[in-house]
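> this one's structure only:
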């Protein structure tokens, strides 16, 4: 066998293997996507149909079902994700700057945020539920925004620390000589330089909030229900509406799927933060 | 003058940290302390403003409860098995991807796809796909399993492991893959010239270079799997009965279905204390990486 044919064969073998792995890992998402376009009869047909006439009824149903306000849930998710990301960014940037440039107590804070990520979420969820209940904050956007921003902070902080460490100190020293104070330094020099980093960190924060279930579900019962929580409402004690549920899941996962296609590199940096260099 | 400047710098250092400290104290530390306090009380939704102090009773009842022990055991087993599967598969896929092939970047995106979907949505999704009567995946697998009742007692544990692995293996993959990218290609080429085969190269060259990332990823994965909640909650809700009741689901049920907040808090703090030492160790390792 010539070298060339051997190379082609080995590439073909690798591709086959890769495709096989991707089928296993993505068949769930793909099948769910298919199900959302199946008619009621096709969903319950046995054996399951892989070829069928696609219908949009479930999508219409999701948006028009009485008592089920999916548009509202999506808007809630959007508002909560955007504001908690903004809050987390505003809190993390100065903290990261302090940790990199001022040291001292900053490292303890960094350690604390990392510890927070590893602790049982329910140790926090139960008291938070009771406290917010006492302050009549249950079922408000702000309650969920507060908690989500807390969960976005650890990763954001780690990423911002990385970005600031990568900056040459000279820029800041030059600004200091020009008489800029710390606040000016942050807003006029640092933030413009790390802008791309802020964007990718924000994407990650958005996904964290959008996907969160536990806190979103215990802190809401009507007005502030998010899309992720809302998908489960198609399961009631006497029936499960598979079609609309599949449609709702598909819609709710679209934003995160779009993000991984347009911002893969940023996501990878975020997801490996903290463990890669460890 | 100099001393004054140092003092001034210190104040700024603190000011910059003020927002994050406020956040951590208000939304993490204070609630947790309140929760810890409640674990010594008989606290129900009816008497939550005036709970009755019962000392260590919640903890005593907890350790006597076979339900709690069973859930601890389930979580421990799940964590060990799931982490092992996901580490092995993650490393193998990373090794497969650590070379050039056409369409690689798309392949990576598609492989990471399950990870960006919320574990709760993933669980709900699989609840449909594994359904005994209408689940397409259950039907496909029935050739191997002989039944479509994949959420029944005999298969539900494997089903959860499978769904969790699809959701979480990409996390291992991306950590290991990024680390492998950092291993110098020259070193691997040199080993190749010396006659080392693929397995030997992975074992003797790549692994020692990425061992610390493997270790940190393993630990992080192990702790997270032990506390698994959303995926199991959506997929089987701890059922049938309490057959797949992870320790987090045990706590959730105590708190939000039986409204026994004292007992639920006692359980979550027992858990927090159990996990504190490995967590602190992991934080220390991670901090070393940041510096």
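Nice, thanks for sending it over. This one's a predicted model, so the numbers in the text were calculated from it and none came from an experiment. Numbering: from 1, shown residues only, chains lettered A, B, ... in the order given.
> Would you map the strands across chain B?
Taking DSSP state E, the strands of chain B run over residues B:41-42, B:52-53.
> Which strands or helices does the last one pack on?
Contacting strand B:52-53 under the criterion 3 or more Cβ pairs under 8 Å, 6 or more residues apart in numbering or on different chains; DSSP states H and E are the following elements: strand B:41-42. (Each C-beta comes from the backbone N, C-alpha and C, glycine too.)
> show me what contacts residue B:181?
residue B:98 (Cβ atoms under 8 Å, 6 or more residues apart in numbering or on different chains).
> Low-confidence regions, the chain specifically.
Using chain A. Scanning chain A with the threshold set as pLDDT under 70 gives A:1, A:274-278.
> um, chain B though
Residues of chain B that meet the cut-off, pLDDT under 70, sit at B:1-2, B:291.
> and the strands of chain B, which is most packed in?
strand B:41-42 (a mean of 18; mean count of other Cβ atoms under 10 Å in any protein chain shown).
> what's that strand packed up against?
Using 3+ Cβ pairs under 8 Å, 6+ apart, strand B:41-42 is in contact with strand B:52-53, helix B:57-64.
> mind listing what residue 234 touches?
Reading this off chain A. Applying Cβ under 8 Å, 6+ apart, the residues near residue A:234 are A:240, A:241, A:242, A:244, A:245, A:248.
> Let me rephrase: I mean chain B.
Contacts of residue B:234 (Cβ under 8 Å, 6+ apart): A:213, A:232, B:119, B:120, B:121, B:122, B:123, B:124, B:127.
> which one is it nearest to, not counting chain neighbours?
residue B:123 (2.8 Å; Cβ to Cβ, 6 or more residues apart in numbering or on different chains).
> shouldn't that neighbour be in contact with residue B:228?
No: Residue B:123 is beyond contact range of residue B:228, at 10.0 Å (criterion: Cβ atoms under 8 Å).
> Next, count neighbours for residue A:149.
26 (other Cβ atoms under 10 Å in any protein chain shown).
> ditto for residue B:212
Neighbours around residue B:212, by other Cβ under 10 Å: 17.
> Could you do residue B:51 as well?
17.
> any idea how far it lies from residue B:44?
Distance of residue B:51 to residue B:44, computed by Cβ to Cβ, to the nearest Å: 8 Å.
> Same check on residue A:94?
42 Å.
> more crowded one of those two?
Neighbours were counted for residue A:94 and for residue B:44 using other Cβ under 10 Å; residue A:94 has more, 21 against 14.
> So among the contacts of residue A:234, which ones count as buried?
Buried subset of those (neighbour count, 16 or more other Cβ atoms under 10 Å in any protein chain shown): A:241, A:242, A:244, A:245, A:248.
> which one of these is nearest chain B?
Set against chain B, the nearest of the buried ones among the contacts of residue A:234 by Cβ to the nearest Cβ is residue A:242 (5.5 Å).
> how about the closest one, what does it touch?
A:35, A:43, A:234, B:128, B:131, B:134.
> same thing but at 6 Å, please
Residue A:242 makes contacts with A:43, B:128, B:134, as judged by Cβ atoms under 6 Å, 6 or more residues apart in numbering or on different chains.
> Tell me the most packed of these, by neighbour count.
Sorting the contacts of residue A:242 by how many neighbours each has (other Cβ under 10 Å) puts residue B:128 first, at 26 neighbours.
> Report the contact partners of that one.
Neighbours of residue B:128 in contact, by Cβ under 6 Å, 6+ apart: residue A:242.
> The one 10 residues further on now?
Contacts of residue B:138 were listed using Cβ under 6 Å, 6+ apart, and they are B:130, B:148, B:150.
> With residue A:211 instead?
residue B:118.
> So what does it have for phi and psi?
Backbone torsions of residue A:211, given as degrees, to the nearest 10, read phi -80, psi -20.
> do the same with residue B:244
According to degrees, to the nearest 10, residue B:244 has phi -120, psi 40.
> how close does it sit to chain A?
Separation of residue B:244 from chain A (Cβ to the nearest Cβ, to the nearest Å): 17 Å.
> what number of residues lie near that residue?
Counted with other Cβ under 10 Å, residue B:244 comes out at 23.
> Leaving out sequence neighbours, find the closest residue to it.
Excluding its sequence neighbours, the residue lying closest to residue B:244 (Cβ to Cβ, 6+ apart) is residue B:236, at 4.8 Å.
> Alongside chain A, which residues does the stretch 101-250 of chain B contribute?
B:101, B:107, B:109-114, B:116-118, B:120-121, B:124-125, B:128-129, B:134, B:136, B:139, B:166, B:174-175, B:178, B:216-217, B:220, B:223, B:227, B:230, B:248 (Cβ under 6 Å from any Cβ of the partner chain).
> just to revisit the earlier point, give me the subset of the contacts of residue B:234 lying in helices.
Cross-referencing those against helices under DSSP state H gives B:119, B:120, B:121, B:122, B:123, B:124, B:127.
> closest to chain A among those?
Of the ones in helices among the contacts of residue B:234, the one sitting nearest to chain A (Cβ to the nearest Cβ) turns out to be residue B:120, at 3.7 Å.
> Could you work out the end-to-end span of stretch A:176-196 for me?
For stretch A:176-196, the first-to-last residue distance is 24 Å (Cα to Cα, to the nearest Å).
> thought residue B:264 was touching residue B:253?
No: at 8.4 Å, residue B:264 does not count as touching residue B:253 under the criterion of Cβ atoms under 6 Å.
> Who has more neighbours out of those two?
A side-by-side neighbour count of residue B:264 and residue B:253, using other Cβ under 10 Å, places residue B:264 first with 29 against 19.
> Quickly check: the strand or helix carrying residue A:99 near chain B or not.
Counting by DSSP states H and E, the element that carries residue A:99 is helix A:70-101. Yes: residues of helix A:70-101 contacting chain B under Cβ under 6 Å from any Cβ: A:91, A:94, A:95, A:97, A:98.
> Name the residues that touch the helix or strand that that helix is followed by?
Once the chain leaves helix A:70-101, the next helix or strand it forms, by DSSP H and E, is helix A:106-118. Residues outside helix A:106-118 that contact it (Cβ under 6 Å, 6+ apart): A:98-99, A:153-154, A:157, B:20, B:24, B:28, B:223, B:279, B:283, B:286-287.
> Would you indicate which residues of helix A:106-118 are buried?
In helix A:106-118, counting by 16+ other Cβ under 10 Å, buried: A:106, A:109, A:110, A:111, A:112, A:113, A:114, A:115, A:116, A:117, A:118.
> Tabulate those (JSON lines), appending distance to residue B:81.
Formatted as JSON lines, the buried residues of helix A:106-118 follow (distance: Cβ to Cβ, whole Å):
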{"residue": "A:106", "distance to residue B:81": "39"}
{"residue": "A:109", "distance to residue B:81": "36"}
{"residue": "A:110", "distance to residue B:81": "33"}
{"residue": "A:111", "distance to residue B:81": "30"}
{"residue": "A:112", "distance to residue B:81": "31"}
{"residue": "A:113", "distance to residue B:81": "30"}
{"residue": "A:114", "distance to residue B:81": "26"}
{"residue": "A:115", "distance to residue B:81": "26"}
{"residue": "A:116", "distance to residue B:81": "27"}
{"residue": "A:117", "distance to residue B:81": "23"}
{"residue": "A:118", "distance to residue B:81": "20"}
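> Closest one of the residues you listed to residue A:259?
Proximity of the buried residues of helix A:106-118 to residue A:259 (Cβ to Cβ) peaks at residue A:117, which lies at 20.7 Å.
> Could you report the distance from that closest one to residue B:227?
11 Å.
> Then residue B:31?
Per Cβ to Cβ, residue B:31 is found 17 Å from residue B:227.
> now whichever strand or helix holds residue A:62 against helix A:70-101, angle please.
In the assignment (DSSP H and E), residue A:62 maps to helix A:57-64. Helix A:57-64 and helix A:70-101 are oriented at 80 degrees to each other (axes from the mean of the first three to the mean of the last three Cα atoms, to 10 degrees).
> So which bits of whichever strand or helix holds residue A:23 are buried?
Taking DSSP H and E as the definition, residue A:23 sits inside helix A:3-35. Neighbour-count burial for helix A:3-35, counted by 16+ other Cβ under 10 Å, picks out A:14, A:18, A:21-22, A:25-26, A:28-29, A:31-35.
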